[in-house]
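> Quick one: sequence plus predicted model below, questions after.
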Amino acid sequence: MSRDGGGLRTRVKTARGRTAQSTRWLERQLNDPYVKRARAEGYRSRAAYKLIELDERFGIIRGSKRVVDLGIAPGGWSQVIKRRLPKAAVVGIDLLPVDPIDGVTIFEMDFMDDAAPGKLIEALGGAPDLVLSDMAANTVGHPQTDALRTMALVETALAFAVEVLEKGGTFVSKVFAGGADQQLVAEMKRNFATVKHAKPPSSRKGSVEWFVVAQGFKGRSAE
Ligand SMILES: C[S@@+](CC[C@H](N)C(=O)[O-])C[C@H]1O[C@@H](n2cnc3c(N)ncnc32)[C@H](O)[C@@H]1O
(Lines give C-alpha, C1' and ligand atoms only; values in the text may rest on other atoms or scores of the structure.)
Protein backbone atom coordinates (compact mmCIF):
# COMPACT_ATOMS: atom_id res chain seq x y z
CA MET A 1 0.00 0.00 0.00
CA SER A 2 1.41 3.45 -0.79
CA ARG A 3 0.34 7.05 -0.65
CA ASP A 4 0.34 9.21 -3.77
CA GLY A 5 3.02 11.86 -3.51
CA GLY A 6 1.31 14.51 -1.40
CA GLY A 7 -2.16 13.26 -2.40
CA LEU A 8 -4.62 11.70 -0.04
CA ARG A 9 -5.70 8.75 -2.11
CA THR A 10 -4.54 5.38 -0.84
CA ARG A 11 -3.21 3.06 -3.49
CA VAL A 12 -3.26 -0.69 -3.07
CA LYS A 13 -0.61 -2.80 -4.77
CA THR A 14 -1.82 -5.99 -6.32
CA ALA A 15 -0.67 -8.72 -3.99
CA ARG A 16 -0.24 -12.38 -4.80
CA GLY A 17 -3.54 -14.16 -4.38
CA ARG A 18 -5.53 -10.94 -4.65
CA THR A 19 -7.50 -10.54 -7.86
CA ALA A 20 -7.62 -7.22 -9.72
CA GLN A 21 -11.30 -7.02 -8.73
CA SER A 22 -10.62 -7.41 -5.01
CA THR A 23 -7.74 -4.93 -5.25
CA ARG A 24 -10.15 -2.40 -6.77
CA TRP A 25 -12.69 -3.14 -4.02
CA LEU A 26 -10.05 -2.64 -1.31
CA GLU A 27 -8.84 0.59 -2.88
CA ARG A 28 -12.41 1.89 -3.10
CA GLN A 29 -13.10 0.93 0.53
CA LEU A 30 -9.95 2.68 1.74
CA ASN A 31 -10.78 5.88 -0.13
CA ASP A 32 -14.52 5.94 0.46
CA PRO A 33 -15.52 8.93 2.64
CA TYR A 34 -18.60 7.05 3.89
CA VAL A 35 -16.45 4.14 5.07
CA LYS A 36 -14.27 6.61 6.98
CA ARG A 37 -17.29 8.37 8.40
CA ALA A 38 -18.89 5.08 9.46
CA ARG A 39 -15.71 4.14 11.31
CA ALA A 40 -15.50 7.56 12.99
CA GLU A 41 -19.17 7.59 13.99
CA GLY A 42 -19.30 3.98 15.15
CA TYR A 43 -21.55 2.55 12.44
CA ARG A 44 -20.92 -1.01 11.35
CA SER A 45 -21.56 -0.29 7.69
CA ARG A 46 -21.49 2.58 5.21
CA ALA A 47 -25.05 1.44 4.42
CA ALA A 48 -26.11 3.35 7.55
CA TYR A 49 -25.80 6.59 5.55
CA LYS A 50 -28.27 5.40 2.92
CA LEU A 51 -30.96 5.18 5.61
CA ILE A 52 -29.84 8.49 7.15
CA GLU A 53 -30.07 10.21 3.75
CA LEU A 54 -33.41 8.61 2.90
CA ASP A 55 -34.65 9.79 6.28
CA GLU A 56 -33.42 13.35 5.64
CA ARG A 57 -35.39 13.40 2.41
CA PHE A 58 -38.55 11.54 3.38
CA GLY A 59 -38.75 11.69 7.20
CA ILE A 60 -39.29 7.99 7.65
CA ILE A 61 -37.89 7.30 11.12
CA ARG A 62 -39.43 9.89 13.44
CA GLY A 63 -42.32 8.66 15.54
CA SER A 64 -41.87 4.96 14.73
CA LYS A 65 -42.58 2.60 17.61
CA ARG A 66 -42.03 -0.82 16.07
CA VAL A 67 -39.51 -1.40 13.32
CA VAL A 68 -38.57 -4.43 11.19
CA ASP A 69 -35.13 -4.52 9.54
CA LEU A 70 -34.97 -7.14 6.77
CA GLY A 71 -31.40 -8.00 5.75
CA ILE A 72 -30.02 -6.46 8.93
CA ALA A 73 -26.35 -7.61 8.72
CA PRO A 74 -23.98 -6.18 9.78
CA GLY A 75 -26.43 -3.83 11.52
CA GLY A 76 -25.90 -0.24 10.35
CA TRP A 77 -29.59 0.50 9.73
CA SER A 78 -30.69 -0.82 13.13
CA GLN A 79 -27.94 1.20 14.80
CA VAL A 80 -29.36 4.33 13.14
CA ILE A 81 -32.87 3.42 14.29
CA LYS A 82 -31.76 2.74 17.86
CA ARG A 83 -29.79 6.01 18.07
CA ARG A 84 -32.81 7.99 16.89
CA LEU A 85 -35.44 5.96 18.69
CA PRO A 86 -33.97 4.39 21.83
CA LYS A 87 -37.41 3.24 23.00
CA ALA A 88 -38.60 1.67 19.74
CA ALA A 89 -38.95 -2.11 19.47
CA VAL A 90 -36.68 -3.30 16.66
CA VAL A 91 -36.36 -6.77 15.12
CA GLY A 92 -34.05 -7.81 12.33
CA ILE A 93 -33.39 -10.89 10.24
CA ASP A 94 -30.49 -12.03 8.13
CA LEU A 95 -29.00 -15.16 6.65
CA LEU A 96 -25.72 -14.07 8.21
CA PRO A 97 -24.85 -13.89 11.89
CA VAL A 98 -24.96 -10.38 13.39
CA ASP A 99 -23.17 -9.16 16.51
CA PRO A 100 -25.74 -8.16 19.14
CA ILE A 101 -27.16 -4.63 19.06
CA ASP A 102 -28.58 -3.31 22.32
CA GLY A 103 -32.36 -3.43 22.25
CA VAL A 104 -32.62 -5.22 18.88
CA THR A 105 -33.89 -8.80 18.49
CA ILE A 106 -32.03 -10.53 15.70
CA PHE A 107 -32.95 -13.74 13.86
CA GLU A 108 -30.36 -15.61 11.88
CA MET A 109 -32.62 -17.15 9.26
CA ASP A 110 -33.93 -16.85 5.72
CA PHE A 111 -36.68 -14.25 5.42
CA MET A 112 -38.15 -16.42 2.63
CA ASP A 113 -38.76 -19.18 5.19
CA ASP A 114 -42.51 -19.46 5.90
CA ALA A 115 -41.86 -19.25 9.64
CA ALA A 116 -39.97 -15.92 9.43
CA PRO A 117 -42.87 -13.40 9.41
CA GLY A 118 -44.51 -14.96 12.47
CA LYS A 119 -41.25 -14.95 14.42
CA LEU A 120 -40.59 -11.31 13.57
CA ILE A 121 -44.03 -10.10 14.60
CA GLU A 122 -44.07 -12.17 17.77
CA ALA A 123 -40.71 -10.72 18.83
CA LEU A 124 -41.87 -7.21 17.96
CA GLY A 125 -44.91 -7.54 20.20
CA GLY A 126 -47.33 -5.93 17.77
CA ALA A 127 -47.79 -4.50 14.28
CA PRO A 128 -44.80 -2.53 12.91
CA ASP A 129 -45.16 1.03 11.69
CA LEU A 130 -41.91 0.85 9.72
CA VAL A 131 -40.71 -2.06 7.57
CA LEU A 132 -37.24 -1.65 6.09
CA SER A 133 -35.59 -3.98 3.60
CA ASP A 134 -32.01 -3.61 2.47
CA MET A 135 -31.94 -7.27 1.37
CA ALA A 136 -29.89 -8.09 -1.67
CA ALA A 137 -29.56 -11.53 -3.19
CA ASN A 138 -26.03 -12.79 -3.64
CA THR A 139 -25.32 -12.07 -7.28
CA VAL A 140 -24.46 -14.98 -9.53
CA GLY A 141 -23.19 -12.76 -12.35
CA HIS A 142 -26.10 -13.54 -14.67
CA PRO A 143 -27.98 -10.21 -14.81
CA GLN A 144 -31.45 -11.67 -15.47
CA THR A 145 -31.13 -14.24 -12.69
CA ASP A 146 -29.80 -11.59 -10.29
CA ALA A 147 -32.65 -9.21 -11.12
CA LEU A 148 -35.26 -11.96 -10.67
CA ARG A 149 -33.85 -13.06 -7.33
CA THR A 150 -33.79 -9.51 -6.03
CA MET A 151 -37.31 -8.87 -7.32
CA ALA A 152 -38.52 -11.96 -5.46
CA LEU A 153 -37.08 -10.51 -2.24
CA VAL A 154 -38.76 -7.13 -2.83
CA GLU A 155 -42.05 -8.81 -3.66
CA THR A 156 -41.96 -10.93 -0.51
CA ALA A 157 -40.96 -7.94 1.63
CA LEU A 158 -43.85 -5.90 0.19
CA ALA A 159 -46.36 -8.71 0.75
CA PHE A 160 -45.15 -8.92 4.35
CA ALA A 161 -45.40 -5.14 4.83
CA VAL A 162 -48.95 -5.06 3.44
CA GLU A 163 -49.92 -7.92 5.71
CA VAL A 164 -48.47 -6.57 8.95
CA LEU A 165 -48.07 -2.76 8.82
CA GLU A 166 -50.12 -0.44 10.97
CA LYS A 167 -52.30 2.03 9.12
CA GLY A 168 -50.20 5.06 8.17
CA GLY A 169 -47.01 2.95 8.20
CA THR A 170 -43.99 3.10 5.93
CA PHE A 171 -42.22 0.54 3.74
CA VAL A 172 -38.70 1.14 2.43
CA SER A 173 -36.96 -1.31 0.14
CA LYS A 174 -33.83 -1.61 -1.89
CA VAL A 175 -34.69 -2.24 -5.54
CA PHE A 176 -32.52 -2.63 -8.60
CA ALA A 177 -32.22 -1.38 -12.15
CA GLY A 178 -33.84 1.99 -11.65
CA GLY A 179 -36.73 0.87 -9.51
CA ALA A 180 -39.36 -1.71 -8.77
CA ASP A 181 -41.13 -3.18 -11.78
CA GLN A 182 -44.49 -1.76 -12.85
CA GLN A 183 -46.59 -4.43 -11.23
CA LEU A 184 -44.88 -3.92 -7.90
CA VAL A 185 -45.21 -0.15 -8.12
CA ALA A 186 -48.92 -0.55 -8.91
CA GLU A 187 -49.31 -2.81 -5.87
CA MET A 188 -47.51 -0.22 -3.73
CA LYS A 189 -49.70 2.60 -5.04
CA ARG A 190 -52.82 0.62 -4.23
CA ASN A 191 -51.66 0.28 -0.64
CA PHE A 192 -49.77 3.49 0.15
CA ALA A 193 -50.59 7.19 -0.17
CA THR A 194 -47.19 8.01 -1.75
CA VAL A 195 -44.57 5.91 -3.53
CA LYS A 196 -41.22 7.47 -4.44
CA HIS A 197 -37.96 6.16 -5.84
CA ALA A 198 -34.63 7.57 -4.68
CA LYS A 199 -30.93 6.97 -5.01
CA PRO A 200 -29.30 8.46 -1.91
CA PRO A 201 -25.93 10.19 -2.45
CA SER A 202 -24.13 7.45 -0.50
CA SER A 203 -25.39 4.76 -2.90
CA ARG A 204 -22.47 4.19 -5.24
CA LYS A 205 -22.93 5.88 -8.60
CA GLY A 206 -21.97 2.81 -10.59
CA SER A 207 -24.36 0.49 -8.75
CA VAL A 208 -27.84 -0.34 -10.04
CA GLU A 209 -29.17 0.03 -6.50
CA TRP A 210 -32.14 2.31 -5.85
CA PHE A 211 -34.65 2.54 -3.03
CA VAL A 212 -38.41 2.74 -3.03
CA VAL A 213 -40.12 4.61 -0.20
CA ALA A 214 -43.85 3.93 0.29
CA GLN A 215 -45.54 6.04 2.95
CA GLY A 216 -49.02 6.30 4.41
CA PHE A 217 -50.16 2.66 4.43
CA LYS A 218 -53.87 2.71 3.69
CA GLY A 219 -54.71 -0.27 5.88
CA ARG A 220 -55.88 -3.77 5.11
CA SER A 221 -59.35 -2.65 4.01
CA ALA A 222 -57.71 -0.97 0.98
CA GLU A 223 -56.83 -4.32 -0.60
C1 LIG B 1 -26.66 -4.71 1.94
S2 LIG B 1 -26.74 -5.88 3.22
C3 LIG B 1 -27.61 -5.02 4.48
C4 LIG B 1 -26.84 -3.92 5.17
C5 LIG B 1 -27.57 -3.35 6.37
N6 LIG B 1 -28.74 -2.58 5.98
C7 LIG B 1 -26.69 -2.47 7.21
O8 LIG B 1 -26.97 -1.28 7.34
O9 LIG B 1 -25.72 -2.95 7.80
C10 LIG B 1 -27.93 -7.01 2.59
C11 LIG B 1 -28.20 -8.20 3.50
O12 LIG B 1 -29.36 -8.91 3.04
C13 LIG B 1 -29.22 -10.24 3.48
N14 LIG B 1 -30.16 -11.13 2.82
C15 LIG B 1 -30.23 -11.43 1.49
N16 LIG B 1 -31.20 -12.34 1.27
C17 LIG B 1 -31.77 -12.61 2.47
C18 LIG B 1 -32.83 -13.47 2.89
N19 LIG B 1 -33.49 -14.25 2.01
N20 LIG B 1 -33.16 -13.49 4.20
C21 LIG B 1 -32.49 -12.72 5.09
N22 LIG B 1 -31.48 -11.88 4.75
C23 LIG B 1 -31.12 -11.83 3.46
C24 LIG B 1 -27.76 -10.55 3.15
O25 LIG B 1 -27.30 -11.66 3.88
C26 LIG B 1 -27.07 -9.23 3.53
O27 LIG B 1 -26.51 -9.29 4.81
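Received, thanks.

> Without its sequence neighbours, what residue ends up closest to the residue sitting nearest the centre point of the chain?
Residue closest to the average C-alpha location in the chain (Cα atoms, centre = their mean): Asp134, at 2.1 Å. Of all residues not flanking Asp134 in the chain, Gly71 sits nearest, at 4.7 Å (Cβ to Cβ, 6 or more residues apart in numbering). Heads up, the C-betas are built off the backbone N, CA and C, glycines and all.

> Report the contact partners of the one you found.
Residues in contact with Gly71, defined by Cβ atoms under 8 Å, 6 or more residues apart in numbering, are Ile93, Asp94, Phe111, Ser133, Asp134, Met135, Ala136, Leu153, Lys174.

> Tell me the buried residues within those residues.
With neighbours counted using 16 or more other Cβ atoms under 10 Å, the contacts of Gly71 contain these buried positions: Ile93, Asp94, Phe111, Ser133, Asp134, Met135, Leu153, Lys174.

> Any idea what the fourth one is bridged to?
Read it as Ser133. Leu70, Ser173 (DSSP bridges).

> gap between it and the ligand?
Per Cβ to the nearest ligand atom, to the nearest Å, Ser133 is found 8 Å from the ligand.

> which ones are touching that residue?
Taking Cβ under 8 Å, 6+ apart, we find Ser133 in contact with Leu70, Gly71, Leu153, Val154, Ala157, Phe171, Val172, Ser173, Lys174.

> same thing but at 6 Å, please
Leu70, Ala157, Ser173 (Cβ atoms under 6 Å, 6 or more residues apart in numbering).

> Just send those back as TSV, with pLDDT too.
Shown next, in TSV, are the contacts of Ser133 (pLDDT from 0 to 100):
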residue	pLDDT
Leu70	98
Ala157	97
Ser173	96
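
> returning to that earlier point: now do the phi/psi pair for the residue nearest to Asp134.
Backbone torsions of Gly71, given as degrees, to the nearest 10, read phi 80, psi 50.

> Please enumerate residues in contact with the longest helix anywhere in the chain?
For the chain, the longest helix by residue count, based on DSSP state H, is helix 143-164. With contacts defined as Cβ under 6 Å, 6+ apart, helix 143-164 is touched by 70, 117, 121, 127, 131, 133, 135, 137, 139, 171, 173, 175-176, 191.

> The chain: helices as residue ranges?
Using DSSP H, helices in the chain cover 20-31, 33-41, 48-58, 76-84, 116-124, 143-164, 182-191.

> Any chance of JSON lines for those helices, columns distance to the ligand?
Output for the helices of the chain, formatted as JSON lines (distance: least, Cβ to the nearest ligand atom, whole Å):
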{"stretch": "helix 20-31", "distance to the ligand": "14"}
{"stretch": "helix 33-41", "distance to the ligand": "9"}
{"stretch": "helix 48-58", "distance to the ligand": "5"}
{"stretch": "helix 76-84", "distance to the ligand": "3"}
{"stretch": "helix 116-124", "distance to the ligand": "7"}
{"stretch": "helix 143-164", "distance to the ligand": "6"}
{"stretch": "helix 182-191", "distance to the ligand": "17"}
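
> Nice, that's everything, thank you.
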